[in-house]
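In: here's a sequence, model it:
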Amino acid sequence: MTELEIMERARLYMEKLANGINPLTDEPVGEDDVINNVRLSRCFFYVTDVLRQVIENGGVESAGPVAKKKKLPFSLTAEQRAEFVSSQTPLSVTELAKRISRLCENENMKGLKYDNIRCWLLECGLLYETEVNGRYTLRPTQNGECRGIMVEQRVSPSKGPYEVVLYDAQIQQLIMDNLDAVIAISNRPRTETACEQAGN
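Out: Coordinates of the predicted model:
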């Protein structure tokens, strides 16, 4: 395996980690998994981008600081939003954010962040912050459960039983109907986001 191939594999692994996917099994990890920590996710995305730029440069590091291309903020046209089809199978917030992001194929545009969705749901009173096994996490309120947010028990061969928060077709559509409010969270100063600590 060449050096570039090793770098590409490393980039692929980091990209999967950034998107909440176990790179060894290609399975989404639980929302409470440390991989989905907001700060770690940002680091994974950063390292992914650095590796991509080194690979595009033939495996040679640039002489100066890595010049990161500034991407456009995420947005969707009315036509693109109309293409969204709610999944009858409940989705994790990570998968939902990916599906919404895929509606826009502009490579120069940022994707929708899953923590924006969680922040909006928290501020709307559909999620609340709680402590599970010594870690702060988010769970559906009674109103959130009525709107289609649920907690499912799962078992992983590697880490045993865990819980995942899922979103059914009803809540998926509610998020799409309020997508502008969800996107707007990205443009606010971090100190104003109610889930700054809840997602960590």
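
In: every contact and neighbour count from this point should use C-alpha atoms.
Out: Fine.

In: averaged pLDDT, the longest helix belonging to the chain. What do you get?
Out: Counting residues, the longest helix found in the chain (DSSP state H) is helix 38-56. What helix 38-56 shows for mean pLDDT is 81.

In: what about the chain, any weak spots by pLDDT?
Out: Within the chain, the stretches with pLDDT under 70 are 59-69, 187-200.

In: so where do the helices sit in the protein?
Out: Under DSSP H, the chain gives helices at 3-18, 38-56, 78-82, 93-101, 114-123, 142-147, 169-177, 179-184.

In: need these in a markdown table (columns: mean neighbour count and distance to residue 131).
Out: Output for these, formatted as a markdown table (neighbours: other CA atoms under 10 Å; distance: least, CA to CA, whole Å):
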| stretch | mean neighbour count | distance to residue 131 |
| --- | --- | --- |
| helix 3-18 | 18 | 23 |
| helix 38-56 | 17 | 16 |
| helix 78-82 | 12 | 35 |
| helix 93-101 | 20 | 19 |
| helix 114-123 | 21 | 15 |
| helix 142-147 | 16 | 17 |
| helix 169-177 | 17 | 24 |
| helix 179-184 | 16 | 24 |
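
In: dump those helices into TSV; add distance to residue 130 as well.
Out: As requested, the helices of the chain are exported to TSV (distance: least, CA to CA, whole Å):
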stretch	distance to residue 130
helix 3-18	24
helix 38-56	16
helix 78-82	33
helix 93-101	17
helix 114-123	12
helix 142-147	14
helix 169-177	21
helix 179-184	22
